[in-house]
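Asker: Sharing a model that was predicted from the sequence below.
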Amino acid sequence: EEATQKRDAPTGPRNRIGVLVKRHQFLLGKGGKKAKKPPPTTTSFFVPGSAEEKHELAKLIEAELKDQKEEMKELTEAIKPSEKRIKNVTGFRDFLEDRRAAVEKEKKIAEMKRIKEQKEEAAKAYEAKKGDMMAEAQETWNNASPMVKKVMGILETVIYRGPYGDEFDALGRGYLAGVLEQYIEAEEEIVLYMLAFPFKSASTAKTASPYPDLAEVAALQTLGKLL
């Protein structure tokens, strides 16, 4: 780090060599159009009037330029191992980051695969015992009391039946009948809840307006069927 700072300092060999080269070219009349003006520098640059003095100054610049190049070479050689270590460390860090990201990706894929397999196993297990569940639900419904069937007749007028995958006829009716049977046999009150009714969300992100609309009308109609 010290060698790098010394090399790249404003007065260090990296910057100094550029200044000296431009001055040398200017004195020798080289550099084309760029050589018509003295090179910009923070230090004064006196240009002699005679050719002999210019030649002497050019020699001095050449000598300093040689020294600066030697110093530049020494500093660069000293810096190389450090730069190589930095490059190796940076490369190793990048390798670790890539490996860590790959491991995390593999973990996520494995987790997703595990969840998928669990769902598939659960679905298979459900399908395997679905026949028994359907038979049990049918038997419960067949053995249900007249009162249970009467209550079920009322509830079925308001139960939502999805367009796809609805299994109320196969499973739901028998299961619900079994639950109702327990309440009726125990002579307990059957409580039905209508969530949030009669309140309405005032958020226009969810509803067209804060005022009652057809959803509330449908809710009242459903309530009316039960009364």
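Answerer: Nice, thanks for sending it over.

Asker: Quick one: low-confidence residue ranges for the chain.
Answerer: 1, 30-45, 196-198 (pLDDT under 70).

Asker: switch the cut-off to 90
Answerer: For the chain, the stretches flagged by pLDDT under 90 are 1-100, 123, 126-131, 153-170, 190-227.

Asker: Show me the helices in this structure, by range?
Answerer: Using DSSP state H, the helices of the chain run over residues 2-8, 13-27, 51-142, 146-155, 173-185, 214-226.

Asker: Deepest-packed of the ones you listed, please.
Answerer: Of all the helices of the chain, helix 13-27 has the most neighbours on average by mean count of other CB atoms under 10 Å, namely a mean of 19. To be clear about C-beta, it is placed using only N, CA and C from the backbone, and glycine gets the same treatment.

Asker: That one - contacts with which helices or strands?
Answerer: helix 2-8, helix 51-142 (3 or more CB pairs under 8 Å, 6 or more residues apart in numbering; DSSP states H and E).

Asker: As TSV, those helices with distance to residue 226 would be great.
Answerer: Output for the helices and strands packed on helix 13-27, formatted as TSV (distance: least, CB to CB, whole Å):
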stretch	distance to residue 226
helix 2-8	84
helix 51-142	21
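
Asker: Looking at those helices, which is nearest to residue 166?
Answerer: Evaluated over those, closeness to residue 166 peaks at helix 51-142, with 13.8 Å, by CB to CB.

Asker: and the closest one with helix 146-155, angle?
Answerer: Here helix 51-142 runs at an angle of 140 degrees relative to helix 146-155 (axes from the mean of the first three to the mean of the last three CA atoms, to 10 degrees).

Asker: how far does helix 51-142 sit from the chain's center?
Answerer: Relative to its chain's centre, helix 51-142 lies at 15 Å (CA atoms, centre = their mean, to the nearest Å).

Asker: Residue 134 touches residue 170, doesn't it?
Answerer: Yes: between residue 134 and residue 170 a contact is recorded at 5.1 Å, counting by CB atoms under 8 Å.

Asker: circling back: list just the one of the helices and strands packed on helix 13-27 that sits closest to residue 183.
Answerer: In terms of CB to CB, the element of those nearest to residue 183 is helix 51-142, at 14.3 Å.

Asker: Against which helices or strands is the closest one packed?
Answerer: On a contact count with 3+ CB pairs under 8 Å, 6+ apart, helix 51-142 meets helix 2-8, helix 13-27, helix 173-185.

Asker: quick one, that helix and helix 13-27 angle?
Answerer: Interaxial angle, helix 51-142 versus helix 13-27 (the same axes, to 10 degrees): 140 degrees.

Asker: thinking again about what came up before, make a markdown table from the helices of the chain and add distance to residue 163 to it.
Answerer: Converted to a markdown table, these look like this (distance: least, CB to CB, whole Å):
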| stretch | distance to residue 163 |
| --- | --- |
| helix 2-8 | 72 |
| helix 13-27 | 76 |
| helix 51-142 | 20 |
| helix 146-155 | 20 |
| helix 173-185 | 18 |
| helix 214-226 | 17 |
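
Asker: Give me the neighbour count for residue 169.
Answerer: If you count neighbours by other CB atoms under 10 Å, residue 169 ends up with 13.
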